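> Mind looking at a prediction? Sequence and model below.
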Amino acid sequence: MKNIEKKIVNICKSSLMASKSLVETKNLERNKTLKLISRNLLKKKSYILLQNKKDIDRANEANLPKHLIDRLLLDENRILNMCKDILNIAKLNDPLGKVINSIVRPNGLKISKVTVPLGLIAVIFESRPNVASDVAALCIKSGNGVILKGGKEAKFSTEAIIKIIKDSLKEGNIDHRVVTSLNDYTRKSVNVLLKMDKYIDVLVPRGGKSLIENVKKNSTIPVFSHLDGLCHTYIDSFAEKSMAINVSLNAKMRRTSICGATETILCHKKVSESILPDLINVLIKNGCTVKADSKIKKYNKNIIPVKKEDWSTEYLDSIVSIKIVNSLEEAIDHINNYSSGHTDAIITKSKISAKVFLKSINSAIVMHNTSTQFADGAEFGLGAEIGISTGKLHARGPVSVSELTTYKYIVSGKGQIRN
């Protein structure tokens, strides 16, 4: 353990030193380097795909669930999207050195509140290797150093991406230690990393409940929690049928393995007879398993009985739970009880229903008449995200470059002394 600890302390020290040098760079330099990273990732896509195939082959040998393999998979289109996201991050306004507010006191002191980087960030993530490029780009843009710890199932892909990023940083004359891989995929190394509060300013865990629980139990570092995505779509009594069906289908089935996928559909009893039979049919036709109670079973013989634990299950698969509710208030109560605080949506033509729902739901992202699959930093015009924070302190929702800054007060005087 002592050798592991020594190694991780050295990584933290060198990453912290590099992060301090990054603060001295100009936005133009950071943008130039981000463009180099995007270009080089695209140029070396064959190498990335070759490494990804190793991960996919190992995943198939280990009989990993198909939704995990989907998260793990990289193809040409996904690599192209990675590169586009990096370019979009480069286009964002410089988040550093922004004067949030400034006042002059009666004694002549000028006090300004100015944005600065958080410092050194550690991100622990599972399955999705593209997280490495998103996180690295966001941290570079916002002047933060980052230590990346990917999941062992994505080891080859993640390390390939990090190597290309580090080589690009060298090419851009920025200290390559700004982006560092922990390069140790054992639980012991993670537990040591969790105690590095002397060097690391913020920790971002992205993964399942066991990872989050381990971090909360053992970390001494402030955490941006990226919890599971137990998302809901509520079809209100004033919902338009075609919109309710199309949006609910997309929210569930567009890509089932992402944290913004809807896991539970609630439907008001007044429109259940007109909407649910057709919605359930189209879901099943698209390969979705539907779970519901006996009141809904009559709509389709292929419905599976729902269990209490289904309401608190993030399926990350082609499975959905459906429930009829008696009122908007019942829907809100159900969501606030079972939601993970990620993303929840209402489908309704009623402005009153929408207003009540948007105000009452306690989640980081609340939507009206659209798919929960839009819960994504890139779709919000933020370039990408380091994660969706479901906490309420500092950052909430998609964590992008602005959320990766803090501020300090700069006080300027002309020799004033305090009486």
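Nice, I can see it.
> remind me which residues of the chain are low pLDDT?
Regions of the chain meeting the criterion pLDDT under 70 cover residues 1, 226-227.
> how's it carved up into domains?
In the assignment given by automatic domain parsing, the structural domains of the chain cover 2-224+399-412, 231-374.
> Of all those, which one is nearest residue 382?
Evaluated with CB to CB, the domains of the chain place domain 2-224+399-412 nearest to residue 382, the distance being 3.6 Å. To be clear about C-beta, it is placed using only N, CA and C from the backbone, and glycine gets the same treatment.
> Which one, of the domains of the chain, ends up nearest to residue 385?
Among those, domain 2-224+399-412 sits nearest to residue 385 (CB to CB), with 5.5 Å.
> returning to that earlier point: in a markdown table: the domains of the chain, plus distance to residue 380 and mean neighbour count.
Conversion of those to a markdown table gives the following (distance: least, CB to CB, whole Å; neighbours: other CB atoms under 10 Å):
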| stretch | distance to residue 380 | mean neighbour count |
| --- | --- | --- |
| domain 2-224+399-412 | 8 | 19 |
| domain 231-374 | 8 | 19 |
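> pretty sure residue 114 is in a strand, no?
Yes. Membership of residue 114 in a strand is supported by DSSP: H, G, I helix; E, B strand; the rest coil.
> what's it in contact with, if anything?
Taking CB atoms under 8 Å, 6 or more residues apart in numbering as the definition of contact, the neighbours of residue 114 are 97-100, 407-410.
> State the phi and psi torsions of residue 300.
Residue 300 adopts backbone torsions of phi -160, psi 130, taken as degrees, to the nearest 10.
> That one: what's it in contact with?
277, 280-281, 284, 290.
> now residue 33
Under the criterion of CB under 8 Å, 6+ apart, the contact partners of residue 33 comprise 140, 168-169, 171-172, 174.
> Helix or strand: which one has it?
With secondary structure defined by DSSP states H and E, residue 33 is part of helix 27-43.
> what ranges do the strands span in the stretch 301-419 of the chain?
Chain-ordered strands for the stretch 301-419 of the chain, with DSSP state E, counting those that start in this stretch as the definition, fall at 304-305, 319-325, 343-347, 365-368, 388-389, 397-398, 405-412.
> okay if I get these as CSV plus distance to residue 22?
Formatted as CSV, the entries for these read as follows, by distance: least, CB to CB, whole Å:
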stretch, distance to residue 22
strand 304-305, 52
strand 319-325, 44
strand 343-347, 32
strand 365-368, 30
strand 388-389, 23
strand 397-398, 22
strand 405-412, 13
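> For residue 60, find the nearest of those.
Checking the strands of the stretch 301-419 of the chain against residue 60 by CB to CB gives strand 319-325 as the closest, at 21.5 Å.
> name the helices or strands packed onto that closest one?
Contact here means 3 or more CB pairs under 8 Å, 6 or more residues apart in numbering; DSSP states H and E; on that basis strand 319-325 packs against strand 262-268, helix 269-285, strand 289-292, helix 294-297, helix 328-338.
> can you dump the C-alpha coordinates of it into CSV?
Extracted in CSV, the C-alpha atoms of strand 319-325 (Å, rounded to 0.1, in the frame of the first residue of the first chain):
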residue,chain,number,x,y,z
ILE,A,319,-37.2,-1.7,-20.0
VAL,A,320,-39.7,0.9,-18.6
SER,A,321,-42.1,1.0,-15.7
ILE,A,322,-45.5,2.7,-16.3
LYS,A,323,-48.0,3.9,-13.7
ILE,A,324,-51.4,5.7,-13.8
VAL,A,325,-51.7,8.6,-11.4
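> Could you figure out how far it is turned away from helix 269-285?
Following axes from the mean of the first three to the mean of the last three CA atoms, to 10 degrees, one obtains 170 degrees for the angle between strand 319-325 and helix 269-285.
> Give me the contacts around strand 319-325.
Residues beyond strand 319-325 that count as contacts (CB under 8 Å, 6+ apart) turn out to be 234, 252, 262-269, 272, 276, 280, 283, 288-293, 295-296, 306, 310-311, 313, 331, 334.
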